[in-house]
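Q: Quick one, structure for this:
(one chain, ligands or ions: 2)
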Amino acid sequence: METQIITTTPFDGQKPGTSGLRKKVKVFQQPHYLENFVQAIFDTQAALKGGILVVGGDGRYFNREAIQIILRMAAANGVRKILVGRGGIFSTPAVSCVIRKYKTQGGIVLSASHNPGGPDEDFGIKFNAANGGPAPESVTDAIYARTCTIDRYLTLDAPVIDLDKLGTLQLGETAVEVMDPVKDYADLMESLFDFNAIHQLFNSGHFSMRFDAMHAVTGPYAVEILENRLGAMPGTVMNGEAKEDFGGGHPDPNLAHAKELVALTQGVNGLDFGAASDGDGDRNMILGKNFFVTPSDSLAVLAANAHQTPGYASGIRGIARSMPTSQAANRVADFLGVECFETPTGWKFFGNLLDAGRITLCGEESFGTGSDHVREKDGLWAVLFWLNLLAVRQQSVAEIVTDHWRRFGRNFYTRHDYEGVDLAGAEGLMDHLRILLSELPGKTLGDQIVSYADDFAYTDPIDGSRSERQGIRIGFESGARIVYRLSGTGTAGATLRVYLEYFEPDPARHQQDTQAAMQPLVLIARELAQIETRTQRSEPDVIT
Ligand code: G1P
Ligand code: ZN
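A: Ligands and ions are numbered 1, 2, ... in the order given. From the prediction side, this is the model:
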């Protein structure tokens, strides 16, 4: 097998976003497009030469082709050993787990997360560092800079590798180990949670659940963990067969896209527990019978009860939440006497805090929850955490959450998204708010008095790096809050996200309907930002 040096030229627009390089499959299929990006990884990450690299993806369309290309290039670039999941499969948290367990120099994750898959849909690639987490900005900037000057890439003249057979084979000088993508991850889960207690719950005869894998990567993981190891009834995992196009669906675990599952939890005969994960297995949604747990509440509940699980029995060191995530977690941190960090949106901001041991749990309102067990958010981990709590507390999801509200008060929470709005209009709206900021404190808006207003900026407490303009925060004396930010992951025009939160200490008012309870705050938010005149929208497209 001979190394080939292929001449190439840079492409426009290979700048990775917050979650790596994400484009349509057709873009990735252009000759040299994927190769340029992959070579830029090898050209900038010196430790990979002679090192170990993990490779896998969520199984979407183009996953197998991309992996063959990456294996040949990795071998040509002197990687000593490659760990690749059977069938080219690894969930995002499983990649993180394997990088950490085998102390590799990094990993390449192929996924476009919750975006649809198929020949006309999305594909993505990102590099994870030796800590198992998404590469920090310094690394992604270096990779991008290299893609702008690249003139050659290295590959091997080698036959297609059989990815479906476990075992180690040789690709030039490089050992390629095709490994079970599930086992190490499942073992890690078993080390964190009380599998006996969950097993008993499943076999108690009075507990019903479904896990919706949405035809995405968590199917095989959920079958192994829930059905094989924990003894849940066969069929507990629904849509468990992973498909290249996710069965034509949108593999995003929320009330809009997991409708089938939501319906199963409703009514008097509704399931006791429903959960779902996304395309690459890092997001989660938690449902009880006729009950939806907001991701912000989920983080707070897990933090307050962590000591009831084996993996976190000695307590948690601290919590971090992304800025727009509700302040419910802060109340728990105060109670526990641990630090609570407010970070910009995006999982990468948790990495330093986790590595430094300052936090144990972290989460985002966008259905992301995780801990220091890996360096990615982790869908099935959150599901197992909930199951562990249900098993040891012998209470329903609704009882656990309402009990939590009674103890800590309830942070009513909702997010309103205005999608695909005119970019200039959306930026004008943010600029308009920025100008208002200094005059807001002390002012009365509706029935609320503003206590602070700012454009969120964050200084990483570990490395001192600074991130500015991360979203407008307006806090009120009552504890209510309005946050405005523009999405960093959208593709068409701009997406304005408005996050609304209001604190209710009185348990007699905890059962109100969220949207009704929020209405006064919604009106304040719309008027203050002049949403209708600036975006031409009178109502949001999506309400979560
Ligand atoms: C969205 C979520 C954010 C998450 C990101 C990647 O980003 O809001 O919490 O980290 O996807 O999964 P946004 O589109 O808001 O920039
Ligand atoms: Zn994802």
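Q: So, low pLDDT: which residues of this protein?
A: The chain contains residues with pLDDT under 70 at 490-491.
Q: ok, which residues in it are in contact with ligand 1?
A: Counting by CB under 6 Å from any ligand atom, the residues of the chain lying close to ligand 1 are 18-19, 113, 322, 345-347, 364, 366, 487-490, 497. Backbone N, C-alpha and C define where each C-beta goes, glycine included.
Q: hmm, 8 Å instead?
A: Neighbours of ligand 1 within the chain, by CB under 8 Å from any ligand atom: 18-19, 113-114, 282-283, 322, 324, 345-347, 364-366, 368, 377, 485-490, 495, 497.
Q: near ligand 2, which of these show up?
A: The residues of the residues of the chain next to ligand 1 that also fall near ligand 2, by CB under 5 Å from the ion, are 113, 282.
Q: Show the buried residues in the residues of the chain next to ligand 1.
A: For the residues of the chain next to ligand 1, a neighbour count by 16 or more other CB atoms under 10 Å gives the buried set as 18-19, 113-114, 282-283, 322, 324, 345-347, 364-366, 368, 377, 485-487, 490, 495, 497.
Q: Show me these that map onto strands.
A: Among those, the residues falling in strands (DSSP state E) are 322, 364, 368, 485, 486, 495, 497.
Q: OK, contacts around the residue nearest to residue 352 when sequence neighbours are not counted?
A: Nearest in space to residue 352, with sequence neighbours left out and distances taken as CB to CB, 6 or more residues apart in numbering, is residue 462 at 3.9 Å. For residue 462, the contacting residues are 352, 353, 355, 356, 358, by CB atoms under 8 Å, 6 or more residues apart in numbering.
Q: got a winner among these for most neighbours?
A: Neighbour counts for those peak at residue 353, which has 23 neighbours (criterion: other CB atoms under 10 Å).
Q: Report the spatially nearest residue to it, omitting neighbours in sequence.
A: residue 359 (4.5 Å).
Q: Kindly confirm whether my reading is correct that the one you found touches residue 320.
A: Yes - assessed by CB atoms under 8 Å, residue 359 is found in contact with residue 320 at 4.7 Å.
Q: Overlap of the contact sets of these two?
A: 341, 350, 353.
Q: what's the second one in contact with, if anything?
A: With contacts taken as CB under 8 Å, 6+ apart, residue 350 has the following neighbours: 320, 343, 359, 362, 370, 375.
Q: can we see that at 6 Å?
A: 320, 362 (CB atoms under 6 Å, 6 or more residues apart in numbering).
Q: can you start the count at 15 instead of 1 from here on
A: New numbering, starting at 15: the last item is residue 364.
Q: From residue 32, how far off is it?
A: Using CB to CB, to the nearest Å, residue 364 is found at 13 Å from residue 32.
Q: returning to that earlier point: from the shared contacts of residue 373 and residue 334, which land in strands?
A: residue 355.
Q: Output the shared contacts of residue 373 and residue 334 in CSV; the columns should cover distance to residue 26.
A: Formatted as CSV, the shared contacts of residue 373 and residue 334 follow (distance: CB to CB, whole Å):
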residue, distance to residue 26
355, 37
364, 32
367, 35
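Q: from the shared contacts of residue 373 and residue 334, which single one is nearest ligand 1?
A: For the shared contacts of residue 373 and residue 334, the closest approach to ligand 1 (CB to the nearest ligand atom) belongs to residue 364, at 10.0 Å.
Q: Could you show which parts of the protein are in contact with ligand 2?
A: Counting by CB under 5 Å from the ion, the chain sits next to ligand 2 at 127, 292, 294, 296.
Q: can I assume residue 336 is in contact with residue 378?
A: Yes - using CB atoms under 6 Å, residue 336 and residue 378 qualify as a contacting pair, with a distance of 4.3 Å.
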